[in-house]
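Q: quick one, fold the following:
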Amino acid sequence: MGNLTERQRGLTMAFIGIMVLMPDTILFRLIDTNLWTLMIWRAGFQGAVLWVALILLRGRKLPEDVRTLGWPGAGFALAMGVAAVCFNLAIAWTTVANTLFILAAMPLWAALLSWLMMGERIDLRMGLTIMAAMIGIGILVTGNDEGGVAHWSGDLAALGGSFTMAAGFSLARFAPGRSMVPALAGSTFVPVAFGIAMGGLALPLQGDMGFLFVMGAIIAPLSFALISSAPRYIPSTEVSLIMLLETALAPILVWWIVGEDPGPRAILGGVIVVAALLVSNLVGLRRIRA
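A: Numbering: from 1, shown residues only. Below you'll find the model as predicted:
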């Protein structure tokens with residue numbers, strides 16, 4: 001990327017990050033190992049990669065990095081760990097489409113939390129976006145998919161994951177200028193501990209270990225590194241626009257490859273959510289450039 005402008009570099013990093021992340025939900029559907037064992041191994045691989053990378057890059061400075069994060073870092077780790085648990089539950093208990101469309105509303109919950117925690121004003125654009133997204137989510141959670149996969153428990157788990165992820169990013173704003181990667185590595189202990197508590201401490205079924213390694217050791221760390229680094233070069237609003245690609249395309253790929261039909265109400269609700277976020281982010285990006 002040496003010959004690219006900053007904008008081209010940021011767009012390229014965000015796009016590659018989303019493309020790397022895209023197969024994640026498909027692999028979930030291809031794995032037969034039980035949910036709790038899957039949760040342990042996926043998070044375990046991710047945590048191992050992150051901790052090894054941190055040790056190699058930071059060395060003796062790592063304990064000080066962790067200490068200086070303080071309570072915002074601890075809160076971030078807990079929130080993101082709970083979000084990871086919720087994501088696993090959502091994928092297992094409802095459709096991929098419902099999960100991703102509900103998770104896409106995370107920036108809206110972050111805006112609400114910023115208003116509650118930091119007194120930041122919610123402008124008309126964000127207020128209208130929140131209302132439209134809530135209508136879309138309401139439509140999709142009341143629908144039925146063709147395969148009977150969708151269930152209110154999974155939709156609720158996705159909503160919990162969206163909210164706790166927003167809480168994590170809101171807490172990270174109390175530690176400006178500090179890398180939250182050590183806290184993210186620490187967050188992987190939550191799904192591992194939860195999976196063990198639920199009796200999932202076992203080897204995956206034959207043939208699933210490779211999928212779990214790809215999900216945890218490659219997809220999760222690499223996509224996070226690229227997507228989280230892109231805002232250094234382009235506005236975060238532009239990164240959010242590119243991230244909508246995964247929200248829109250992943251359910252289609254799962255439908256095509258696995259045959260998981262989300263149903264007409266989920267599609268309608270998802271279109272409303274994605275359209276609301278798309279329009280809102282385009283307006284926000286136009287204001288930034290102006």
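Q: where's residue 162 relative to residue 43, distance?
A: 19 Å (Cβ to Cβ, to the nearest Å). All C-beta atoms are positioned from the backbone trio N, CA, C, and that covers glycine.
Q: sorry, that was for residue 88
A: Counting by Cβ to Cβ - residue 88 and residue 43 are separated by 8 Å.
Q: centre of the chain to stretch 99-108, how far?
A: 9 Å (Cα atoms, centre = their mean, to the nearest Å).
Q: now do stretch 180-188
A: Distance, centroid of stretch 180-188 to centroid of chain: 14 Å (Cα atoms, centre = their mean).
Q: what lies in contact with it?
A: 43-44, 46-47, 50-51, 54, 62, 65-66, 69, 73-74, 76-81, 84, 172, 224 (Cβ atoms under 8 Å, 6 or more residues apart in numbering).
Q: swap the cut-off to 6 Å and go again
A: Residues from elsewhere that reach stretch 180-188, judged by Cβ atoms under 6 Å, 6 or more residues apart in numbering: 43, 46-47, 50-51, 65-66, 69, 73, 76-77, 80-81, 172.
Q: what's the average pLDDT for stretch 220-237?
A: When pLDDT is averaged along stretch 220-237, the result is 81.
Q: can you pull the buried residues of that stretch?
A: Residues of stretch 220-237 classed as buried: 220-221, 223-228, 230-231, 233-235, 237 (neighbour count, 16 or more other Cβ atoms under 10 Å).
Q: so which of these comes closest to residue 107?
A: residue 237 (9.4 Å; Cβ to Cβ).
Q: which ones are touching the closest one?
A: 281, 284, 285.
Q: for stretch 130-141, buried residues please.
A: Here stretch 130-141 shows 130, 132, 133, 136, 137, 139, 140, 141 as buried, counting by 16+ other Cβ under 10 Å.
Q: may I ask which of the contacts of residue 237 has the most neighbours?
A: Of all those, the most densely surrounded is residue 281 (23 neighbours; neighbours counted as other Cβ atoms under 10 Å).
Q: give me the neighbour count for the closest residue to residue 88 other than its chain neighbours.
A: Leaving aside its sequence neighbours, residue 88 sits nearest to residue 39 (Cβ to Cβ, 6 or more residues apart in numbering; 4.8 Å). When neighbours are defined as other Cβ under 10 Å, residue 39 has 26 of them.
Q: please give the element, helix or strand, for residue 39.
A: According to DSSP states H and E, residue 39 maps onto helix 35-58.
Q: tell me the buried residues in that helix?
A: 35-47, 49-50, 54, 58.
Q: now stretch 234-253
A: 234-235, 237-248, 250-251, 253.
Q: what does stretch 164-179 give?
A: Across stretch 164-179, burial judged by 16+ other Cβ under 10 Å covers 164-172, 174-175, 178-179.
Q: stretch 65-83 now?
A: 65-66, 69, 72-73, 75-83.
Q: I am finished for the moment; much appreciated.
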